[in-house]
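Asks: Sharing a model prediction with you, sequence too.
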Amino acid sequence: MTATDEARRGAPAVRMCELFVGGRWTAAEHGRTVQTRSELAGKPVADVAVASPADVRRAVEAAERGFGTWAGRPPARRRAVLERAAALFAERADDLASLMREEMGTARPWCESNVSVARGMLAEAAAQAYSAVGEVIPSDVPGLTALGVRQPVGGVVGIAPRPVAVSRCGRDSPRSVSALSPRVSAAPPNGSRSTTS
């Protein structure tokens with residue numbers, strides 16, 4: 001039975017989870033997917049795009065392009081973006097924990113804890129927006145003062161084998177959708193992405 005057949009009979013359709021690259025959802029280079037199943041119900045959950053090495057390179061290149069824009073924003077703007085993301089995690093905590101529980105078949109408190117940790121990481125990142133400052137470095141040259149200034153150095157690629165609520169700093173951060181829990185991994189904080197096949 002296909003997802004379309006199940007949808008006609010009233011069963012939920014299988015969701016397609018694409019790659020998030022350069023601020024957009026896109027299919028994998030070769031169109032390859034893997035289907036995941038609910039650990040609780042044993043039913044199909046999602047068809048997840050399988051990234052190739054070229055897809056990973058494309059994601060890293062997109063993140064490098066977006067990094068300059070993100071790093072060039074004033075601290076107040078970066079803080080506001082991260083605070084909003086933390087607020088969205090808080091608003092959607094129940095939905096995210098439910099998705100995680102359905103996909104992983106684990107205890108609800110564990111799911112709620114992971115969502116809370118992700119929200120807290122975003123809130124802490126927001127609080128750090130003004131902390132990337134400099135410090136005076138001792139100088140061996142009389143009358144000379146040296147100053148070390150902290151600056152962002154680039155993007156970070158994170159690949160997690162287990163699905164935790166994803167927090168990211170900047171829309172171009174590459175990320176991998178976990179095949180074990182694709183809807184949680186792919187869920188944007190604002191819930192705007194919802195495609196089915």
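Replies: That came in fine, so what should we check first?

Asks: CA only for contacts and neighbour counts going forward, please
Replies: Noted.

Asks: Strands of the chain, start to end?
Replies: Secondary structure of the chain (DSSP state E): strands at 15-17, 19-21, 24-26, 33-37, 44-49, 134-137, 146-149.

Asks: Report the separation between the closest residue to residue 154 other than its chain neighbours and residue 116.
Replies: On the basis of C-alpha to C-alpha, 6 or more residues apart in numbering, the spatially nearest residue to residue 154 that is not a chain neighbour turns out to be residue 67, at 6.3 Å. Residue 67 sits at a distance of 27 Å from residue 116 (criterion: C-alpha to C-alpha, to the nearest Å).

Asks: could you redo the strands of the chain as a markdown table and give each row mean pLDDT?
Replies: Formatted as a markdown table, the entries for the strands of the chain read as follows, by pLDDT from 0 to 100:
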| stretch | mean pLDDT |
| --- | --- |
| strand 15-17 | 87 |
| strand 19-21 | 91 |
| strand 24-26 | 92 |
| strand 33-37 | 87 |
| strand 44-49 | 88 |
| strand 134-137 | 85 |
| strand 146-149 | 85 |
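
Asks: Just put these in TSV and tack on distance to residue 84.
Replies: Compiled in TSV, the strands of the chain are given as follows (distance: least, C-alpha to C-alpha, whole Å):
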stretch	distance to residue 84
strand 15-17	24
strand 19-21	20
strand 24-26	20
strand 33-37	31
strand 44-49	28
strand 134-137	27
strand 146-149	27
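
Asks: which one of the ones you listed lies closest to residue 99?
Replies: Checking the strands of the chain against residue 99 by C-alpha to C-alpha gives strand 44-49 as the closest, at 10.1 Å.

Asks: what's in contact with the closest one?
Replies: 14-19, 27-28, 31-38, 103, 177, 179, 182-183 (C-alpha atoms under 8 Å, 6 or more residues apart in numbering).
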